[in-house]
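In: fold the following.
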Amino acid sequence: MHSAPGYRIASFLVFILLSPAVFAASFIVPSDRDLIHRTGAIVIATPLASYTQINDEGGIETVTPLRIEEVLKGAGLPATLTVVEPGGEYDGRATVIPGVPRFNTSERTLLFLVRTGKDRWAVTELALGKFTFHGDDLLRDTSDITGWEPDLTPHVERARNAARFLSFIRIESSGGSAKDDYFAPNTASTRERPKVTTSFQPIPTIAPFTATSYTMFISGTRGGRWAAFPVTFFSGTTQEPGAPGGGSTAITTAFNSWNNDCLSNVNYVYSGTDNGTHTQGLHASDGANTILFERDLSSFGVSPFTCSANGYSGTLGIGGITLASGTNTLGSETFATTQEGDVEMNRGIANCSLLFNNGDWNSALTHEVGHTLGLRHSDQTRDSSAACTSDPSLECSQQAIMKSFISTGLNAALQVYDQHAVQAVYPGNVCAPGPPACTAPSITSQPQSVTVPAGTGATLSVGATGTSLTYQWFVGSSGVTSNPISGATGPSVTVAPSTTTTYWVRVSNSCGTANSASATVTVTPAQPVVGASFFLLTPCRILDTRGGTPVPANGVLNFVMVGKCGVATGATAAAVNVTAVAPSVDGLVTIYPGPANTARPVASTINYRAGRTLANNARVTIGTDGSINIFNAGGSPLSFLIDVSGYFK
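Out: Below you'll find the predicted structure:
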């Protein structure tokens, strides 16, 4: 993300205009006094262990419990609060949001908070509302604070003396007027004033660093990128009042900047206004890539943008990678595969002619679109936690569209760094004669709905034509991409759901995609097997993950039972005792039949509590492939035991 006279963005990239700085956010940075008065609560707190979850809209969010040491503003607050911020990694999917506050366990912090729901809080104005204690000082995460003062001069972040700053907050929060004499001496960061230049197009040399080095963190240290082009974007049904073309001119300008780099193969297509059914943006994956204007970002702790004839302030918008799942390779490098990218621009920008009448509006959107390509900031490390120059493996630049705040006057023109980045991550030569014509996918035969007895499987197949096709099967109605089936990447998939489940497949290549119709596998109760018997076994420990691979946090371990401890081939169920060994968090385990892509039921086999070793007897159904799935609904890997005493056949 970047600032233009103030903005920031997300992978989620946040873009905050604090007059006009992934999630990249651009800020017009308000005074501390203004920030105190606009926030709902101010606390000194210590973060506990964070975890990820799926919100009601289907998006990924990171939850951080806080242990409160002192309340400086806000009545009736409990001893613990929960901060919920967008983004994170969950069950093989990821949402990247540079600019969203990050928390280190047990690190003493000062937080400005806004309530976003029942028992839910967010940090006010993203990174602006978080300070960390360092000796006698309080410091913001300065790598995330890139913006402008209300008079449109570049913001210079300074350390605050902790004791004097806390005193200032207490007085201001109680209705008094305090002196702002708390800035520590000689601590101003040296932030370069943006250079005013003309819109020029430099001649690049070949990208000098690895492709991964130009990307943001999205899954561990792995970067994210699209696996194929074209990629289609839509604007929302709400236009940006006062902006040229209602905002569409800036979208087209941004796409042209990235598409027209001759030594890359980026091909973003703007297909006009959406039909109104894709409204989630960065809040959750909804199956479409969108650029949305006048958006309510309050659930992220972001207040509306403000604009007057003399200046503007606040968060301009956010943008980035809303969903990534699966992997793709580029040479010897592996990336998470981007499935959806979105940009959301804040409420309050409407008719802000001061912003629209210069090229920085175009540069800002071009920057945010760069984050949907997976690109990092040119002047920061890949996790946006430090200056780029601190890592010798990175190319760095202070003059780039992808700088954390923009140099004015570029009017969306890519600079040398930007060209290196896009050429490394998306190599190609769109200016050279193209390859033979690509035939877009077309589905010739749809997967068919079937009815099966419980405990059995079904094979679904699709027929399609087109050039170099790829396949990805999903659970859910056609077009809903929130639940991809791991490993289901061929024209057929075998499934064994425990309850009635709907499936579909997306067929793709470099020139388009085609979605199949939905196919429903209806599951009927299994009929009793005449002569089925229970075979008693000498109690035997069939699974012990201690010292090996634990059941992953919020993940599934597939385990083959037949052929072990006397469980015979053809066994349909087993009598077991299961044990959760000294878990570090609360959670539950669900055991259900294989194979690995079987739909998971909602019932639990055992519920466990942090620090307690608990056991339970159970009858578990064995899948047709002889395996079971062990799902750990807990935020930490789990040591797990299974002892078998008999089986049914």
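In: so, low pLDDT: which residues of the chain?
Out: 1-29, 96-99, 141-156, 186-207, 311-313, 358, 405-409, 430-436, 526-532, 602 (pLDDT under 70).
In: work out which residue lies at the spatial centre of it.
Out: Computing the C-alpha centroid of the chain and ranking residues by C-alpha atoms, centre = their mean puts Thr95 first, at 0.9 Å.
In: tell me which element Ile318 falls in.
Out: Using DSSP states H and E, the element containing Ile318 is strand 317-330.
In: which helices and strands sit right next to that strand?
Out: Contact partners of strand 317-330 among helices and strands, from 3 or more C-beta pairs under 8 Å, 6 or more residues apart in numbering; DSSP states H and E: strand 8-10, strand 13-15, strand 24-25, strand 93-95, strand 224-225, strand 333-346, helix 360-372. Every C-beta, even on glycine, is put in place using the N, C-alpha and C of the backbone.
In: out of these, which is the most enclosed?
Out: Neighbour counts (mean count of other C-beta atoms under 10 Å) averaged over each of these peak at strand 24-25, with a mean of 44.
In: number of residues surrounding Asn616?
Out: The local packing of Asn616 (other C-beta atoms under 10 Å) involves 15 other residues.
In: leaving out chain neighbours, which residue sits closest to Ala184?
Out: Ala159 (4.2 Å; C-beta to C-beta, 6 or more residues apart in numbering).
In: can you get me a residue count around the one you found?
Out: With other C-beta under 10 Å as criterion, Ala159 counts 23.
In: I figured it hits Pro185, correct?
Out: No. Counting by C-beta atoms under 8 Å, Ala159 stays clear of Pro185, with 9.1 Å between them.
In: list the contacts of stretch 234-254.
Out: Contacting residues not belonging to stretch 234-254 are listed as 233, 270-274, 276, 278-279, 281, 288-294, 345, 349-353, 356, 361-362, 364-366, 368-369, 411-412 [C-beta atoms under 8 Å, 6 or more residues apart in numbering].
In: next step: these restricted to helices.
Out: Among the contacts of stretch 234-254, DSSP state H puts Ser353, Phe356, Trp361, Asn362, Ala364, Leu365, Thr366, Glu368, Val369 in helices.
In: now do the contacts for the fourth one.
Out: Under the criterion of C-beta under 8 Å, 6+ apart, the contact partners of Asn362 comprise Thr249, Ala250, Thr253, Ala254, Asn411, Ala412.
In: do you know how far the first one is from Gly76?
Out: If I follow you right, that is Thr249. 49 Å (C-beta to C-beta, to the nearest Å).
In: with neighbour numbers in mind, choose between the two.
Out: Thr249 (16 against 5).
In: so the more buried one belongs to a helix, correct?
Out: Yes. Thr249: assigned to a helix according to DSSP: H, G, I helix; E, B strand; the rest coil.
In: if we can go back for a sec, need the helices and strands packed on strand 317-330 in TSV (columns: distance to Pro453).
Out: Formatted as TSV, these follow (distance: least, C-beta to C-beta, whole Å):
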stretch	distance to Pro453
strand 8-10	46
strand 13-15	49
strand 24-25	52
strand 93-95	32
strand 224-225	41
strand 333-346	34
helix 360-372	45
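In: any idea which of these gets closest to Gly428?
Out: strand 224-225 (12.6 Å; C-beta to C-beta).
In: correct me, but Trp258 touches Val269?
Out: No. Trp258 lies out of contact with Val269 (C-beta under 8 Å); the separation is 11.6 Å.
In: okay, these two: which has more neighbours?
Out: Trp258 (23 against 13).
In: so what does the more buried one have for phi and psi?
Out: phi -80, psi -40 (degrees, to the nearest 10).
In: please name the nearest non-neighbouring residue to it.
Out: Val266 (4.8 Å).
In: so where do the helices sit in this structure?
Out: Going by DSSP H, the chain shows helices at 32-38, 162-173, 248-259, 353-356, 360-372, 416-425.
In: now the last one and helix 248-259, what's the angle there?
Out: Helix 416-425 runs at 70 degrees relative to helix 248-259, counting by axes from the mean of the first three to the mean of the last three C-alpha atoms, to 10 degrees.
In: ok, now the fifth one?
Out: Following the same axes, to 10 degrees, one obtains 50 degrees for the angle between helix 360-372 and helix 248-259.
In: just want the angle from helix 360-372 to strand 317-330.
Out: Angle of helix 360-372 versus strand 317-330, following the same axes, to 10 degrees, is 40 degrees.
In: how far does helix 360-372 sit from the chain's center?
Out: 19 Å (C-alpha atoms, centre = their mean, to the nearest Å).
In: repeat that for the last one.
Out: Mean-position distance between helix 416-425 and its chain equals 23 Å (C-alpha atoms, centre = their mean).
In: name the residues that touch that helix?
Out: 202, 204-211, 213-215, 223, 225, 258, 261, 263-264, 266, 330, 370, 373-376, 378, 395-397, 399-402, 414.
In: give me the angle between that helix and strand 333-346.
Out: Calculated by the same axes, to 10 degrees, helix 416-425 forms an angle of 130 degrees with strand 333-346.
In: with only the CA atoms kept, save helix 416-425 in PDB.
Out: Listed next in PDB are the C-alpha coordinates belonging to helix 416-425 (Å, rounded to 0.1, in the frame of the first residue of the first chain):
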ATOM      1  CA  VAL A 416      12.300   0.900 -12.600                       C
ATOM      2  CA  TYR A 417      11.600  -1.000  -9.300                       C
ATOM      3  CA  ASP A 418       8.000  -1.600 -10.200                       C
ATOM      4  CA  GLN A 419       9.000  -3.000 -13.600                       C
ATOM      5  CA  HIS A 420      11.600  -5.300 -12.100                       C
ATOM      6  CA  ALA A 421       9.000  -6.600  -9.600                       C
ATOM      7  CA  VAL A 422       6.300  -7.400 -12.100                       C
ATOM      8  CA  GLN A 423       8.800  -8.800 -14.600                       C
ATOM      9  CA  ALA A 424      10.200 -11.200 -12.000                       C
ATOM     10  CA  VAL A 425       6.900 -12.400 -10.600                       C
END
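In: circling back to that earlier point, which among the contacts of helix 416-425 count as buried?
Out: 204, 207, 210-211, 213-215, 223, 225, 258, 261, 263-264, 266, 330, 370, 373-376, 378, 395-397, 399-402, 414 (16 or more other C-beta atoms under 10 Å).
In: tell me the spacing between the residue nearest to Val84 when sequence neighbours are not counted and Gly319.
Out: What sits nearest to Val84 in space, not counting adjacent residues and going by C-beta to C-beta, 6+ apart, is Arg120, at 4.9 Å. Using C-beta to C-beta, one obtains 23 Å as the distance from Arg120 to Gly319.
In: same deal with Ser248?
Out: Applying C-beta to C-beta to Ser248 and Gly319 gives a distance of 16 Å.
In: out of those two, which sits in the busier spot?
Out: Applying other C-beta under 10 Å to Ser248 and Gly319 shows that Gly319 carries more neighbours, namely 36 against 18.
In: who does that one form a beta bridge with?
Out: Beta-bridge partners recorded for Gly319 (DSSP bridges): Val343.
In: is it in contact with Val343, as I believe?
Out: Yes. With contact defined as C-beta under 8 Å, Gly319 counts as touching Val343 (3.3 Å).
In: re the thing from before, any idea what the residue nearest to Val84 is bridged to?
Out: The partner residues for Arg120, given DSSP bridges, come to Gly117.
In: quick one: the residue lying closest to Glu240 once chain neighbours are set aside from Val343, how far?
Out: Among residues not flanking Glu240 along the chain, Gly247 sits closest, at 3.6 Å (C-beta to C-beta, 6+ apart). Distance of Gly247 to Val343, computed by C-beta to C-beta: 10 Å.
In: overlap in contacts of the two?
Out: The contact sets of Gly247 and Val343 overlap at Ile291 (C-beta under 8 Å, 6+ apart).
In: mind splitting this protein into its structural domains?
Out: The chain breaks down by automatic domain parsing into domains covering 8-173, 212-296+322-425, 442-524, 534-648.
In: just put these in CSV and tack on distance to Phe305.
Out: CSV is the format used below for those (distance: least, C-beta to C-beta, whole Å):
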stretch, distance to Phe305
domain 8-173, 6
domain 212-296+322-425, 4
domain 442-524, 30
domain 534-648, 35
